[in-house]
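# Predicted model and sequence below, questions to follow.
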2 protein chains.
Amino acid sequence: MIKPLFWENDRLFIVDQTLLPVEYKRIEIKNHLDMAGAIKRLVIRGAPAIGIAAAAGLIVGLKPFINSTSGLFFEKLNEISILLNGTRPTAVNLSWALNRMKTVAESMKNQPVPDIWDRLYREALAIHREDIEMCQAIGRHGQSIIPEKANILTHCNTGGLATGGLGTALGVIITAQQLGKDIHVYVDETRPLLQGARLTAWELSEEKVPHTLICDNMAAYIMSTRKIDAVIVGADRIAANGDAANKIGTYGLAVLANYHNVPFYMAAPSSTIDPNIQSGQQIIIEERNGNEVRNVFGTQIAPFTSPAISPAFDVTTNELICGIITEKGVFRKPYYFS
Amino acid sequence: MIKPLFWENDRLFIVDQTLLPVEYKRIEIKNHLDMAGAIKRLVIRGAPAIGIAAAAGLIVGLKPFINSTSGLFFEKLNEISILLNGTRPTAVNLSWALNRMKTVAESMKNQPVPDIWDRLYREALAIHREDIEMCQAIGRHGQSIIPEKANILTHCNTGGLATGGLGTALGVIITAQQLGKDIHVYVDETRPLLQGARLTAWELSEEKVPHTLICDNMAAYIMSTRKIDAVIVGADRIAANGDAANKIGTYGLAVLANYHNVPFYMAAPSSTIDPNIQSGQQIIIEERNGNEVRNVFGTQIAPFTSPAISPAFDVTTNELICGIITEKGVFRKPYYFS
């Protein structure tokens, strides 16, 4: 199975996803600064994976303080959490994982610091293990919406590289193939950072799932000229009313799917649902540097002087989403999460 | 003014558009094979420009036969026309320009070959000159749909590089700015070959028109978060019922514009209208090599083994098109071209 993050003899490694598919390279994460940089630069990305990564980053960041006073340890825990939480503003998983770690630590406040660290280490592993199980459950529940023979269109990367396990949207698709369904996947390349072309096409190749890579702007053509049975994508943050933030381009895809009567689904762990947010209008959209648009893999594709914007996400309005596949089952619109 | 093709001391040059905006390089076209290759490789592209280019390519191709027998000259004329006409299958301008040249030649069948060639040379220049005037007329007629202050979204390149003159859709936009209107342009990068990022952003920089480059998949986000007054794009072939082929991604953009109540226009010379084609279903879509999708400017972005498709165009259905701006005026739906 494809893994974005793993421990080996107590050392933490991640796969540098910015180099795939040209190069498969693992990087050691020695401290929280390494991890913060990696999350920020999208060396590791995908909402569930960055939750796992943040918890692991906190562990390596706190290791030097294993013999400190409780006061200093908690001070550092707070400091590192704030740093890691600030690396990406949109996904809920970051703060969810860090809060879970913090709650565990606080429940042990009066115990010896090495015991707290040890318990936190096990909590980080538990977050990872639970994510694997969550992916399996999402993959299982998702089968209800995938026919025996299906053309599926997906966007961005929501597979093993984006999660701890088999993936969310891609997990549903790969599970379908493993169950013997006849699957063909159209993969949006997903500009600007091309996670579809670089990572999803790579994962599907590794998993031997038949697929066709397309540019994002070909999706409407595909929907109008071929039979597409479903669009399935991930989600980074879902509001109480079902509005959902996901990779830029998702919202447009949802509009196109609805126009062509193609059912549009999202797949995500239920931790992605943030009932404190009433609607998508309250979701903060990360604006990244326009250089991501003016360059592809370091190759200039536009005048340096041309302004460019790079919103990392967009918000798909709830009425466009047929269903949200979670580890708890498939939710159908209208959505009332609490 | 930006020119994709020009004659200098009886020598024919084109600008290598595959190198822009990194490098501005002119290439001499010495014969019809040079021109056929240039059109095929998109060194010169844009429906009006390739009509002009085909006529010019025929001229340089026929020059060695200026002292041949009439029989050989007409044989070569036929041979070269077939070659040039086969370089791109979708745009109507190629065959339109070549047929026009052929008709002129045939009307002089019994005259001396050098006179025929000379007349053809002047016809090729006339095709170019008329295109400049056509662009001006399109730019003028287009003003009726552009408010004094306008945010406009466009796709691909439809400017001076795509035509003989100021452009079609981009000509309308640049004319608006020249008339003192307050214009801001959102430029779709237009994968796979990035004509928007490479050429439109470059032309707008040269013409000092305020603009913002976006990835194609950001258009829906822009339409939902900012006020867009119009989408204006070009067209490569328009059927009698108004269905229109244009650069891949156009159809999806039209669906998105309609969903967001943004008026969607096309701008093209009336020669783009092909009344012999009843509807868009009869338009042949050029399928280019999947390597265009797996690579960006020679940089690999996906596994070599992943299948990819590269349809160069898609067809926008007539009900999505608010108006078609031509040199004869703005046509409004429903369309009945004959």
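Okay, I see it.

# Centre-most residue in chain A?
A:Gly46 (2.3 Å; Cα atoms, centre = their mean).

# now the closest residue in space to that residue that isn't next to it in sequence: how far from chain B?
Nearest residue to A:Gly46, sequence neighbours excluded (Cβ to Cβ, 6 or more residues apart in numbering or on different chains): A:Ala162, at 2.4 Å. Any C-beta I mention is one placed from the backbone N, CA and C, and that applies to glycine too. Plainly put, A:Ala162 is 17 Å away from chain B if you go by Cβ to the nearest Cβ, to the nearest Å.

# How far away from the center of its chain is stretch A:65-81?
The chain centroid and the centroid of stretch A:65-81 are separated by 29 Å, computed with Cα atoms, centre = their mean, to the nearest Å.

# What of stretch A:257-271?
16 Å.

# Isn't the residue nearest to A:Gly46 up against A:Ile52?
No: the criterion here is Cβ atoms under 8 Å, and A:Ala162 misses it with A:Ile52 at 10.4 Å.

# can you list the weak-confidence ranges in chain A?
Applying pLDDT under 70 to chain A flags no residue at all.

# please redo it, this time with the cut-off set to 80
Within chain A, the stretches with pLDDT under 80 are A:1, A:90-91.

# For A:Pro147, which non-adjacent residue is spatially closest?
Ranked by Cβ to Cβ, 6+ apart and with sequence neighbours excluded, the top spatial neighbour of A:Pro147 is A:Asp229, at 5.8 Å.

# In chain A, where's the longest helix?
Ordering each helix of chain A by length in residues (DSSP state H) puts helix A:113-141 first.

# mind listing what's buried in it?
Within helix A:113-141, the residues that qualify as buried are A:113, A:116-117, A:119-121, A:123-124, A:127-128, A:130-132, A:134-135, A:137-141, counting by 16 or more other Cβ atoms under 10 Å in any protein chain shown.

# Pull the distance from it to the chain's centre.
16 Å.

# export the one helix or strand A:Leu77 maps to as PDB, just CAs?
Element membership for A:Leu77 (DSSP states H and E) is helix A:70-85. Taking C-alpha atoms only, helix A:70-85 is exported to PDB below (Å, rounded to 0.1, in the frame of the first residue of the first chain):
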ATOM      1  CA  SER A  70       6.200  19.800  32.800                       C
ATOM      2  CA  GLY A  71       5.900  23.600  32.400                       C
ATOM      3  CA  LEU A  72       8.400  23.800  29.600                       C
ATOM      4  CA  PHE A  73       7.000  20.700  27.900                       C
ATOM      5  CA  PHE A  74       3.400  22.100  27.800                       C
ATOM      6  CA  GLU A  75       4.800  25.500  26.700                       C
ATOM      7  CA  LYS A  76       6.500  23.800  23.800                       C
ATOM      8  CA  LEU A  77       3.400  21.600  23.000                       C
ATOM      9  CA  ASN A  78       1.400  24.800  22.700                       C
ATOM     10  CA  GLU A  79       4.100  26.600  20.600                       C
ATOM     11  CA  ILE A  80       4.600  23.700  18.200                       C
ATOM     12  CA  SER A  81       0.800  23.200  17.900                       C
ATOM     13  CA  ILE A  82       0.300  26.800  16.900                       C
ATOM     14  CA  LEU A  83       3.100  26.600  14.400                       C
ATOM     15  CA  LEU A  84       1.800  23.400  12.800                       C
ATOM     16  CA  ASN A  85      -1.800  24.500  12.800                       C
END
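
# Starting from it, tell me the next helix or strand along the chain.
Downstream of helix A:70-85 (by DSSP H and E), the next one is helix A:93-107.

# surely A:Ala245 meets A:Asp236?
Yes: A:Ala245 is in contact with A:Asp236 according to Cβ under 8 Å; the separation is 5.0 Å.

# quick one, helices of chain A?
Under DSSP H, chain A gives helices at A:32-40, A:47-62, A:70-85, A:93-107, A:113-141, A:169-178, A:195, A:201-206, A:219-225, A:250-259, A:291-294.

# buried sites along the first one?
Right, the one you point to is helix A:32-40. For helix A:32-40, a neighbour-count test (16+ other Cβ under 10 Å) marks A:His32, A:Asp34, A:Met35, A:Ala36, A:Ala38, A:Ile39 as buried.
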